[in-house]
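A.B. asks: Any chance you could fold what I've pasted below:
(4 chains)
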Protein chains: 4
Amino acid sequence: MKIAINTGGGDAPGLNAAIRAATLAALKRGWEVYGIKNGYGSIYTDEPFIKMDAETVHGITMQGGTILGTANRGNPFEMPHQKEDGTWTTKDVSDRLVKTFKEYDIDALIAIGGDGSMNIASKLIKKGINIVGVPKTIDNDIYGCDVTLGFDTAIDIATEAIDRITTTAESHHRLMVVEVMGRYAGWIALYAGIASSADVVLIPEIPFSYDSIEEKIKEREANGRHYTMIVVAEGAKAQDGEVVTKGKSVGQQVQLGGIADRIADELSERTGKESRTVVLGHLQRGGSPSTYDRLISLRFGAAAIRCVQEHDYNKLVVLQDNQLKRVPITSIEGKMKSVSLDSDTVQTARDIGVCLGD
Amino acid sequence: MKIAINTGGGDAPGLNAAIRAATLAALKRGWEVYGIKNGYGSIYTDEPFIKMDAETVHGITMQGGTILGTANRGNPFEMPHQKEDGTWTTKDVSDRLVKTFKEYDIDALIAIGGDGSMNIASKLIKKGINIVGVPKTIDNDIYGCDVTLGFDTAIDIATEAIDRITTTAESHHRLMVVEVMGRYAGWIALYAGIASSADVVLIPEIPFSYDSIEEKIKEREANGRHYTMIVVAEGAKAQDGEVVTKGKSVGQQVQLGGIADRIADELSERTGKESRTVVLGHLQRGGSPSTYDRLISLRFGAAAIRCVQEHDYNKLVVLQDNQLKRVPITSIEGKMKSVSLDSDTVQTARDIGVCLGD
Amino acid sequence: MKIAINTGGGDAPGLNAAIRAATLAALKRGWEVYGIKNGYGSIYTDEPFIKMDAETVHGITMQGGTILGTANRGNPFEMPHQKEDGTWTTKDVSDRLVKTFKEYDIDALIAIGGDGSMNIASKLIKKGINIVGVPKTIDNDIYGCDVTLGFDTAIDIATEAIDRITTTAESHHRLMVVEVMGRYAGWIALYAGIASSADVVLIPEIPFSYDSIEEKIKEREANGRHYTMIVVAEGAKAQDGEVVTKGKSVGQQVQLGGIADRIADELSERTGKESRTVVLGHLQRGGSPSTYDRLISLRFGAAAIRCVQEHDYNKLVVLQDNQLKRVPITSIEGKMKSVSLDSDTVQTARDIGVCLGD
Amino acid sequence: MKIAINTGGGDAPGLNAAIRAATLAALKRGWEVYGIKNGYGSIYTDEPFIKMDAETVHGITMQGGTILGTANRGNPFEMPHQKEDGTWTTKDVSDRLVKTFKEYDIDALIAIGGDGSMNIASKLIKKGINIVGVPKTIDNDIYGCDVTLGFDTAIDIATEAIDRITTTAESHHRLMVVEVMGRYAGWIALYAGIASSADVVLIPEIPFSYDSIEEKIKEREANGRHYTMIVVAEGAKAQDGEVVTKGKSVGQQVQLGGIADRIADELSERTGKESRTVVLGHLQRGGSPSTYDRLISLRFGAAAIRCVQEHDYNKLVVLQDNQLKRVPITSIEGKMKSVSLDSDTVQTARDIGVCLGD
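C.D. replies: Alright, predicted model coming up:
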């Protein structure tokens, strides 16, 4: 057997652990392992796939990022391509990718990634590639998977950051707004917000009311708490339909942004209190994985190889009900795992007095 | 409604978070909350139960230990008692405890603890006390509960410690044996061992063979790895029936001990390599809880109050299949949750080449 | 003897340790200790000064922020004052402050703060108040003091953050620009930049050239390093005289900002590489102090009391040449400690290949 | 120019940073750099010295241990040697080492190590080798050097450990005795003890009295503090001349040990309180260096190369009075830097109520 491993999309803590487990588990079975460097665009390079051995993956469980690299040029169906006039377009190079797999005689591909990577995987499956997916995203919003690789580290980092900022908020009697990742789902904001004893947590699943937050601040002032910690997911929206408009171009991508500043300004205006904002941004996705992320990533990586061994292809390895299971990769397409408003975690937030903005 | 909260047995990170959530959730419902200071033995003091409010639990989520204290004098059915001749015996003071509950007009007791605390709870239930249990132990071995309060922090600390010691092992070409907690179950050893890329992990569930470990060390030497990291649960046993005998009296308790030293000596003898041991001991149970432990503890604490609200007494709040559920406290009596040898985590260990001693 | 303690200006990790040491050292001598809550503006409140005892300072060494609070209304010579028409002005309330000191019979004031606080102290000295200063600023730029309270924690946090972000930069082949504090001096950027193996470090003391940075990036690309980590002090300036102009009003203060974004945009433009920015901001000043900051803060706090005991007033306690010394508070006025360009640390940066932008 | 780098004795956090800085600073000057693998005993191997380049030292600043390895077979004047009858002796192989230096045409040796390594260096100097020393020991007891590579990380780890254990002590009303490194000097115990708010700190420089500690415990009980944290350096001794006798053979070395247990037993006996012990041991020397240790190690490493460049040989690079200086390696022989009992740090300990056992 020969397998290839690809890491796609944004990096997340635990990618290297998953790569290590998949590699070691495959080598143990006497298989050959290839790594796809910097995404599928590598098919244009001299050495698209790299032979991997035990030495390649030695000591990487605790390393952040991905030793394989992860590129923007990662979608073989829409590969960026510079035209003769210098402008950019995209083209479908999936056939060439399939040909490369054949040249290397790859029996199966371990695709470690998020929604985007799984969509690409779905299309490659249709072209005859055998794929096993491993769910990765710090946002924890992949459908059908209780927990994704990278999430635990993200909430660890966010919690520690909010802890730190809280001491400043309290000392200076300020409102502090901390913006965390989560465009579509509020997992990081909710979990880190609760864990760090934040006073207000705003998530995309619950459009928020400024009146509600203002009331919370005033209630706190009345109780002698002259500061308020507000944690906001980047994708949170105000009830009046206010949308995040201050997108900012950095490099070739458009980023969301500005929600923290807007909330801080509005609340300062309403309460007369000083406010400050901190945007955690890329802090949440880099660096050494937490213990849990190392474990779940190693478990995912090893499980993917067992999946291949049983020729049970085109499945995504997931954690469901505290057990590793497999679901069809196609089954998650177009879906997303939002925070359930009647989950016990949301109830916990309300029970301990966190204002969720509604 | 009036509730009382007790924390029993060894301290664990997350106790304070559970206390805070239970207190705030109860106050939110307009209830009164009392804390039992230093265990049930407090009934002999002037102020057995202490009134708690929002101020009492402010900022304690991130604090280790328990603000209520946790005493050895915690079992009302076998309370230590000094006789007139100065020697010690125990006596059953449970009726006095029940009377104290009546005097304070307590409707329900939130008992946060492990096996021992739940056994006591079972007996108190028979005497008419309404109890809701919250599962606490860094050992993670409470039956019927996928995860217990304190476990995540314990594996975090152990993993970081093993990481640190690994660099010394590698630099000095040594065998290093790190002893972690786990008298009856190997959860900490297994999880921290895998997460820290340990080479050998020895747990109570798998009696180990020195030959197997020796072989692993020699295989590593042959591959140019002149060091080996061995993680051992304090309750691990060698296959030949070797038992932990070097118990040592500290204060009034007998402690297990010596397994790490014995393994190190034996392996040095067999391989001619230098060895060192580190016993993590109390490092694993103190200090600020991890993000996950804060969360699960807050969730347990709030869930216990919802349980009381529904008068669904004599239940233990547990996490099963990724959901908060309730099981009868009596249902866990005399049982223990061991590491399942066909779990995917054990398979992962084998797949990535960890020697489990068998 | 009766002493009062004040913490002024922005909070910094270690303030509480200094408060604790001063309080305990004073109590040990049989003195009375008062804390000034939320700055000198407290003279308008019912209880301007608060009696402190051992209990007040128990367990606070490891806590971030300041238990005394630190207010914007901190300058008694320019105290914000709302006029009848609702607009704000400032007025000199220093005589009332002096009167309050007299009412409380305060023999000496321990003033913990930075430049601003020491300027205020200088003026209060002229009005007859006995003062001993303790140097606090995360920026480490107080003249005459080798190290200030708060600096070590700031570089710890910045270093860990840059570590994390580096793994993302490497995985994604990006330029990453991390903005750290330091309006006038580059201590945090230089120290954290070197410690985290950053490739480019830009500090106010060395106006930078974009050409120089571009060259560094291209040299790295040529060596197969497809990412570059750039650490920039908020007060760094480009050689062509470019000034930080995108000041942004938050609450009542104007903040510097935008230097990281500007550098990222310019370098993306020049190199065609993707870039991202992270502004650490308030992350650097909050939270539990590092071991070193706890120590130096405790040492400063205790030394201040020995200073009072000897009636050696109007001195700032400093660390010079690895020894605690005392300098006249007036001696630091109008001065600042910049990074010396011929220090061995700057030489180290150059020796290990860090581009300093010149 | 050609230089060689050696790391000797126990590993310490920062060794790799020093190696990296020395290597990069030498390469920058166009020199060749060789690493001596696993100590001077490597002269018996096929490849005694290893060529080093920028790639060799990439990313190692944050890694614990030493990439060069550090061996017990490190003293060329007393190299372990197995006789024909199987027993071991030592012999002087220094001439062969000198010959190897000549074969490789080495101009100067950077010797990174502690007392032992500097004694060896002194002897090699007499045989004509040009040496520049870098001071390394987590114990911080090298004479003439305000701070040594590895010390800051050791006190960081010890402080965090004591913090954690304190919460358990407080919850359980126990005496906790934490043993830290320091056979001859009490730097780690004193610094970590003060930083972690320990109640009792016992160091080799101050023979301790059990009566004094007992009194402290009783004073605390009287004040409602039913726990006491005791930090003891492994080399601390009781006043009555009690000596550490329970040495224990592990591998081929005799270790000190037992002081913590002895203190715990004695104090439990005297006070009737439960006690527990934790021996930090190898936890203190491994793992990623602190920010400060990275910095000082990089500074030492680069400074050593500048020393070589000026042909200023046979010097030890040290930090004195906050400046990098150079002292003759021979000047530190037979000396040790103890804690000065009239230092401000000791005064601080007393001022904040730490019992030093006298």
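
A.B. asks: What count of nearby residues applies to residue A:210?
C.D. replies: Residues near residue A:210, counting by other CB atoms under 10 Å in any protein chain shown, number 17. (C-beta placed from N, C-alpha, C; glycine too.)

A.B. asks: which residue sits closest to it, ignoring its sequence neighbours?
C.D. replies: residue A:266 (5.8 Å; CB to CB, 6 or more residues apart in numbering or on different chains).

A.B. asks: Secondary structure of that neighbour: a helix, I assume?
C.D. replies: Yes: counting by DSSP: H, G, I helix; E, B strand; the rest coil, residue A:266 falls inside a helix.

A.B. asks: any idea of the pLDDT on it?
C.D. replies: pLDDT recorded at residue A:266 is 94.

A.B. asks: ok, it - how many residues close by?
C.D. replies: Neighbour number of residue A:266 under other CB under 10 Å is 16.

A.B. asks: That one against residue A:211, yeah?
C.D. replies: No: Residue A:266 is not in contact with residue A:211 according to CB atoms under 8 Å; the separation is 10.9 Å.

A.B. asks: Report the separation between the residue nearest to residue A:210 and chain C.
C.D. replies: According to CB to the nearest CB, to the nearest Å, residue A:266 stands 12 Å off from chain C.

A.B. asks: Equivalent analysis for residue A:53, please.
C.D. replies: For residue A:53, the distance to chain C - CB to the nearest CB - is 21 Å.

A.B. asks: wait, isn't that residue in contact with residue A:27?
C.D. replies: Yes: between residue A:53 and residue A:27 there is a contact under CB under 8 Å: 6.9 Å.

A.B. asks: Look at those two and report which has more neighbours.
C.D. replies: Higher neighbour count among residue A:53 and residue A:27: residue A:27, with 20 against 12, using other CB under 10 Å.

A.B. asks: tell me which element the more buried one falls in.
C.D. replies: helix A:15-28 (DSSP states H and E).

A.B. asks: ok, the following helix or strand past that helix near chain C or not?
C.D. replies: Once the chain leaves helix A:15-28, the next helix or strand it forms, by DSSP H and E, is strand A:32-36. No: if you take CB under 8 Å from any CB of the partner chain as the test, strand A:32-36 misses chain C, and the best it gets is 13.1 Å.

A.B. asks: same question for the helix or strand just after strand A:32-36, mean pLDDT?
C.D. replies: Proceeding N to C from strand A:32-36, the next assigned helix or strand is strand A:49-52, under DSSP H and E. Across strand A:49-52, pLDDT averages out at 96.

A.B. asks: what does stretch A:172-180 give?
C.D. replies: Mean pLDDT, computed over stretch A:172-180, is 96.

A.B. asks: for stretch A:133-143, same thing?
C.D. replies: On average, the pLDDT along stretch A:133-143 is 97.

A.B. asks: one step back: quick one: the residue nearest to residue A:210 from residue A:229, how far?
C.D. replies: 16 Å (CB to CB, to the nearest Å).

A.B. asks: secondary structure element for residue A:305?
C.D. replies: Residue A:305 belongs to helix A:291-309, assigned by DSSP H and E.

A.B. asks: That helix and chain D in contact?
C.D. replies: No: using CB under 8 Å from any CB, helix A:291-309 never reaches chain D; the gap is at least 14.7 Å.

A.B. asks: quick one: that helix to strand A:32-36, angle?
C.D. replies: Orientation note: helix A:291-309 sits at an angle of 120 degrees relative to strand A:32-36 (axes from the mean of the first three to the mean of the last three CA atoms, to 10 degrees).

A.B. asks: Just the buried residues of helix A:291-309, please?
C.D. replies: Using 16 or more other CB atoms under 10 Å in any protein chain shown as the test for burial, helix A:291-309 gives A:291-308.

A.B. asks: ok now that helix, how far from the chain's centre?
C.D. replies: Centroid displacement of helix A:291-309 relative to its chain, using CA atoms, centre = their mean, to the nearest Å, is 17 Å.

A.B. asks: likewise stretch A:188-205?
C.D. replies: Here stretch A:188-205 shows a centroid-to-chain-centroid distance of 17 Å under the convention CA atoms, centre = their mean.

A.B. asks: With stretch A:306-314 instead?
C.D. replies: With CA atoms, centre = their mean as the basis, stretch A:306-314 stands 25 Å off its chain's centre.
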